[in-house]
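S.K.: Task: produce atomic coordinates for the following.
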Amino acid sequence: MIEWEVSEYIYKKKNADWYIALSIITVSASAASFLLGNTLFAILIIIGIATLMMYSARKPNAIHIELNKHGVLIDDLIHPYNTLDSFWVEEYDKEPKIIIQSKKILMPYIIIPIGPADPEEIREFLYEYMDEEEHMEPFTHKLMDYLGF
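M.R.: Presented below is the predicted three-dimensional model:
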């Protein structure tokens, strides 16, 4: 069994300019949508961006990661090995991480920061339960990291 604690994501503090720019984009997009007769979409834009702003101000939580004989445990959620396809340990990125390909349609990749754990020990442990196959981090995940989420 291997376990460690790591921050959910790398927190990037957003300044006032970020919020002002997002507000201008929101007002413009919702006004255009309203003028084109799509009031429901305008409301959806406003609600979505308000949610995004609230989420962006949230500090990351510490999450507990555990690799055991039953599966990968992330806080209280276990991913059994029979629902996982393969893994890749990306240790040469700025933040080392495990990229696990899942068999689930709605969640094809699980990305887990390695933090203080030993990448080689993780690789050896997971190799007993899954195939090792090179995976690239999805573009959407990289984009969210770049934007600070």
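S.K.: now the end-to-end length of stretch 58-65.
M.R.: 21 Å (CA to CA, to the nearest Å).
S.K.: Likewise for stretch 51-64?
M.R.: 26 Å.
S.K.: Also stretch 70-81?
M.R.: End-to-end distance for stretch 70-81: 7 Å, by CA to CA.
S.K.: cool, stretch 116-130 as well?
M.R.: 22 Å.
S.K.: Now the terminal residues of stretch 125-136, how far apart.
M.R.: Start-to-end span of stretch 125-136 (CA to CA) is 21 Å.
S.K.: Please apply the same query to stretch 76-89.
M.R.: End to end - CA to CA - stretch 76-89 spans 22 Å.
S.K.: Residues touching stretch 120-140, excluding its own?
M.R.: 2, 67, 69, 81, 84-90, 93, 97-101, 108-109, 111, 114 (CB atoms under 8 Å, 6 or more residues apart in numbering). Using the backbone N, CA and C atoms, a C-beta is placed for each residue, glycine as well.
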